[in-house]
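Engineer: Just the structure for this:
(3 chains)
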Amino acid sequence: MTEPIIYELSVPGRQGVTLPAPGVPLAELPDAALLRDDLPLPQVSEVDVVRHYVRLSQLNYGVDSGMYPLGSCTMKYNPKMNEDAARLTGFSQVHPYQPEETVQGSLELMFRLQEALQGISGFGAVSLQPAAGAHGELTGVLMIRAYHHARGDTGRNIVLIPDSAHGTNPATTSMSGLEMVQLKSDERGNVDLDDLRAHLSDRLAGMMLTNPNTLGLFDEHLLEIGALVHGAGGLMYGDGANLNALMGIAKPAALGFDVMHINLHKTFSTPHGGGGPGSGPVGANETLAAFLPGPVVAHDAEHEIYHLTMPAQSIGRVKAFYGHFGVMVRAYAYIRSLGAAGLLQASEIAVLNANYLQSLLKDVLPLTHDRTCMHEFVLRGQVEGAPDVHALDIAKRLIDYGVHPPTNYFPLIVPEALMIEPTETESKRSLDHFAAALTEIVAEARRDPELLHSAPHTAPVRRLDEVRAARQLKLRWRPESQD
Amino acid sequence: MSYVPHTANDVQEMLARIGAGSVQELFEAVPQSVRFPALDLPGPLSELETMQELTALAERNVDLAHTPSFLGAGAYHHWAPSVLNHILLRSEFYTAYTPYQPEISQGTLQAIFEYQSMICDLTGMDVSNASHYDGATALAEAVIMALSATRNRNRVVMAASVHPEYRATVRTYTQGMDLAIVGDGVGDDGSPDLPLSELAALVDDRTACLIVQSPDFFGRIGDLRGLADTVHAHKALLIVVVDPISLGLLQPPGALGADIVLGEGQPLGNTLSFGGPWVGFFATRQELVRRMAGRLVGETVDVDGQRGFVLTLSTREQHIRREKATSNICTNQGLNALAAAVYLASLGKSGLRQVAEICYHRAHYAASAINALPGYSVNATTPFFKEFVVHCPRPAAEINAALWREQGIIGGYDLGQAYLGRERDLLLCVTELNDRGQIDRLVAALQEVAS
Amino acid sequence: MATSISPDCLYTESHEWIRVDGDQAYAGITDYAQDQLSDIVYVELPEVGASYAKGDNFAVVESVKAASDCYLGLSGEIVEINEELEGQPEVVNSDPYGAGWFVRLAIADAAELGTLMTPAEYAEFVAKAEAEGGH
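Structural biologist: Below is the predicted model of the structure:
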């Protein structure tokens, strides 16, 4: 089942929308040398456009289609109220450079969101500017670097990162001009404390840590890690991707972190959009608050007015304007409607769901760490009696059972990893269905592995040749005569 | 409001299966001293009450659906056809994740492949990525790419007429690198707003790239002919920041030898929303494709020989290459890129040209009318597109305040905020959403508030 | 699993080979390496004229799922690169010791040859790596 490329539907002279006339005397156009000769965009009618994109959407799978147990992505339900709120004209038709007195509604929303995230995380200050998690990470690491430089300590250029970390962590370190050193995990999935102690020195800028980590485990020595790093003069950066396990359970600021990014598009229900937009606000304690990127929103209580301001020793702005306001509206609506009780419930049920699913599956596929997990857990996609079946095959076969596969091949330290995060919005019935599907697939692996190797069978396309895509790069459409 | 479907019974059954006595037991690994803190947040609200509160907040804003505005400066009030919103609200698009499982993500993947194609056609370049967060971060990534493509270079030449916030973002991103950024008068003794030829003369063998913007922050269309040759003679890269609507009319930088063309895609169907989320488009030459950051969609076939699309060249990216990745970018701006693609498809070849022409003619009509007002002048010796600078009889900030408070019009951007000595200069923008009546009102209002 | 080992080459612990040709040498990756990587989609080669010290990262091999750094077994200056790999990276999979060569270099210090493994030593090294599950 394929849909033509929009260019293939193009017919010369076909017009989409019509526009009004300029309605003013026409000015002379610039010199011909500055004008383009041709604009090779598609020429299609509105009906063509609508049918094309509707049909494309029907080839997709979203959280609204079914369960999406992607580890570390927190694919929870995206409330429809959030979409309506973001589309209120008073929010969507506002220019960022309007006079401050004309945008008090937006500034107040941002201020309240800053405060809400402060309350949830325990950090005293928040900047909403970073556009995504990775962006927030770059922000946090640059802040740590700026902190040391401000104290004249320019020799600290090492960042410690556990081997279970998401790839954005080491990539961020390189972008910041710092050097990364990888730390081992112990058999229980914690950071190996001996390895940590061996790497403490006066060249330590800090450590990047995800907690719960990418194995879904709460580090059993968390407070000690923070104490060791601080004792050596370093600072702790928290990757807040897994905050869905902690709301109302513990505040990251109390767990030893000095700065942390939060993913609004994970924990706070804003939609993933097929690859964004996200939003990655950063929280900081007293040590680092002055270095946050800006502008941020301040409240002048005396004059009852909100205004933009730059933190005192800000690392600078990390993008143009103020951040993803449209995403902030959605997150604020979510937080406001759930309240403290609802957020606590979300984390509790997220962790309950993961542990329930883990108990159903630990005898079906090997479990990497048999202990209470947080909001996600990792299985190994290895079936006894079917050595040629890999995590990839199991994942592709799940598609035939109507479920989006879990994250595979991450974290890297677990071979054939399947990282499963159900989130709190999956019902018990949904979880039972997923467990039954996986159980059946494992049985299929033993009696008819070819079913898995050639999966999926029921998706709009079958398994795709990724080698060919990388060897014969076709990254844009070209008319056939140019192929 | 709660989106948790569990009944008390469900919870009991699940706990029994796990072998735990209560949900709280599942958190024993959390140190007791920090467990279960009070969240200082107000209590829950129903959906109805939440919407009432949000509506009240939104109504505290002045919005451009109800108020005329001539603000541009990197954020533009353009028209988007109704079709867009209906497509963007299809939940198969907006509730989907990154297309790592291509077999069930062909909708997203093909839409992005088409977006990449359209950006190439618009910019005159060979290959486009699937988007950056915005124009400013796209520029920062372009600088990083130029440094990696040229090796052993430690200098960047950047025009002062590039958006001030883009230049600030580049400086933030590169603060950990040993890099000299020259040409825009920040931290330099040089004068800002150098002509292109003088900027090009600053390029030497230590320079990784020259960055220019056209139309620039002041609205001026640059003549880029010959610039690429000068830059390439030093084996450096030419990076051009562009407005996508202007490309409906103007020569794309790709035709003039640019190595990287990027900009803000907000004007292509993405609402202003007080600054975001928008989309940074980014295109380059084929030889540089492996150095380009960001996701890439490629065409391939499945086991039955059917055409399909996948994310490709992922080995450059953070999840595989880790500390040697081209960038740390993970989430991009998928839905905003989709909006840009649907916009370009809806307007198409003739529509985009028409929008560009309307903006051009109306901006020129406004500029001549304002230039004729006593006390105001517009320097139109350099060609401009949809924005122009008005030199005012009073500080621009005062003009703006008077326009709003006395005339109910949102004025322009006060250049004194970003450029030394330009407090009397007001940057005005005219688009297809400012009709003749609004422009005439603005001219009359400017006359009123001149003193 | 029978991995092929060329008798004409010397080997590094990171699975690259060196084949001496007078005062020059060819370099590439071993059969074991290409098998671990599976389908190779791209090889990033250095520039002719670039100089490297023994152990330097001189090339990158990309498959769909990984990008691996390759390390040069000897110090020297690159005098030729295998242009065929640009359009046919799969040649590294099918003929890693022959048509799949990466670079030819001028040997800076012949004494370094003594630090490399002989075919027999490498065979033992690979057998151990395979037993450990291959990484």
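Engineer: quick one: buried residues of stretch B:224-234?
Structural biologist: B:Leu224, B:Leu227, B:Ala228, B:Thr230, B:Val231, B:His234 (16 or more other Cβ atoms under 10 Å in any protein chain shown). Just so you know, the C-beta spots here come from the backbone N, C-alpha and C atoms, and that holds for glycine as well.
Engineer: What of stretch A:92-104?
Structural biologist: Under 16+ other Cβ under 10 Å, the buried positions of stretch A:92-104 are A:Ser92, A:Gln93, A:Val94, A:His95, A:Pro96, A:Tyr97, A:Gln98, A:Pro99, A:Thr102, A:Val103, A:Gln104.
Engineer: Close to chain B: what parts of chain C are there?
Structural biologist: Within reach of chain B by Cβ under 8 Å from any Cβ of the partner chain, chain C has these residues: C:Tyr42, C:Glu44, C:Glu62, C:Ser63, C:Val64, C:Lys65, C:Ala66, C:Ala67, C:Asp69.
Engineer: try 6 Å this time
Structural biologist: Within chain C, the positions near chain B by Cβ under 6 Å from any Cβ of the partner chain are C:Glu62, C:Ala67.
Engineer: In chain C, what residue comes closest to chain B?
Structural biologist: C:Ala67 (3.9 Å; Cβ to the nearest Cβ).
Engineer: dump the residue contacts of the residue in the stretch 1-150 of chain B that chain A sits nearest to.
Structural biologist: For the stretch 1-150 of chain B and chain A, the shortest gap (Cβ to the nearest Cβ) falls at B:Ala58, measuring 2.9 Å. Contact partners of B:Ala58, counting by Cβ atoms under 6 Å, 6 or more residues apart in numbering or on different chains, are A:Leu88, A:Gly90, A:Phe91, A:Gly105.
Engineer: Could you dump these into a markdown table with pLDDT and secondary structure added?
Structural biologist: Formatted as a markdown table, the contacts of B:Ala58 follow (pLDDT from 0 to 100; DSSP: H, G, I helix; E, B strand; the rest coil):
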| residue | pLDDT | secondary structure |
| --- | --- | --- |
| A:Leu88 | 98 | coil |
| A:Gly90 | 98 | helix |
| A:Phe91 | 98 | helix |
| A:Gly105 | 98 | helix |
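Engineer: which among those gets closest to chain C?
Structural biologist: Ranked by distance to chain C (Cβ to the nearest Cβ), those are led by A:Phe91 at 42.1 Å.
Engineer: pLDDT below threshold where in the stretch 1-150 of chain A?
Structural biologist: For the stretch 1-150 of chain A, the stretches flagged by pLDDT under 70 are A:1.
Engineer: Angles on the backbone of the residue of chain C closest to chain B, please.
Structural biologist: Phi and psi for C:Ala67, reported as degrees, to the nearest 10, are phi -130, psi 120.
Engineer: ok, it to A:Arg468 distance?
Structural biologist: Per Cβ to Cβ, to the nearest Å, C:Ala67 is found 18 Å from A:Arg468.
Engineer: Have a look at those two and say which one is more surrounded.
Structural biologist: For the pair C:Ala67 and A:Arg468, the greater number of neighbours falls to C:Ala67 (22 against 19), based on other Cβ atoms under 10 Å in any protein chain shown.
Engineer: How much space separates the nearest residue to that one once chain neighbours are set aside from B:Thr108?
Structural biologist: Of all residues not flanking C:Ala67 in the chain, B:Thr315 sits nearest, at 3.9 Å (Cβ to Cβ, 6 or more residues apart in numbering or on different chains). For B:Thr315, the distance to B:Thr108 equals 21 Å [Cβ to Cβ].
Engineer: repeat for B:Gln116
Structural biologist: 13 Å.
Engineer: ok, A:Gly71 - contacts?
Structural biologist: A:Gly71 touches A:Glu376, A:Pro406, A:Thr407, A:Met419, A:Ile420, A:Glu421, counting by Cβ under 6 Å, 6+ apart.
Engineer: Filter those down to the ones in strands?
Structural biologist: Those of the contacts of A:Gly71 mapping onto strands are A:Thr407, A:Met419, A:Ile420, per DSSP state E.
Engineer: I'd like these written out as TSV, with distance to A:Leu142, pLDDT and neighbour count added.
Structural biologist: Output for those, formatted as TSV (distance: Cβ to Cβ, whole Å; pLDDT from 0 to 100; neighbours: other Cβ atoms under 10 Å in any protein chain shown):
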residue	distance to A:Leu142	pLDDT	neighbour count
A:Thr407	28	88	23
A:Met419	29	93	25
A:Ile420	33	96	24
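Engineer: pretty sure B:Ser346 belongs to a helix, no?
Structural biologist: Yes: assessed with DSSP: H, G, I helix; E, B strand; the rest coil, B:Ser346 lies in a helix.
Engineer: Neighbours of it, how many?
Structural biologist: B:Ser346 has 26 nearby residues by other Cβ under 10 Å.
Engineer: quick one, strands of the stretch 101-250 of chain A?
Structural biologist: Per DSSP state E, counting those that start in this stretch, the stretch 101-250 of chain A carries strands over the ranges A:125-127, A:158-162, A:179-183, A:204-210, A:235-240.
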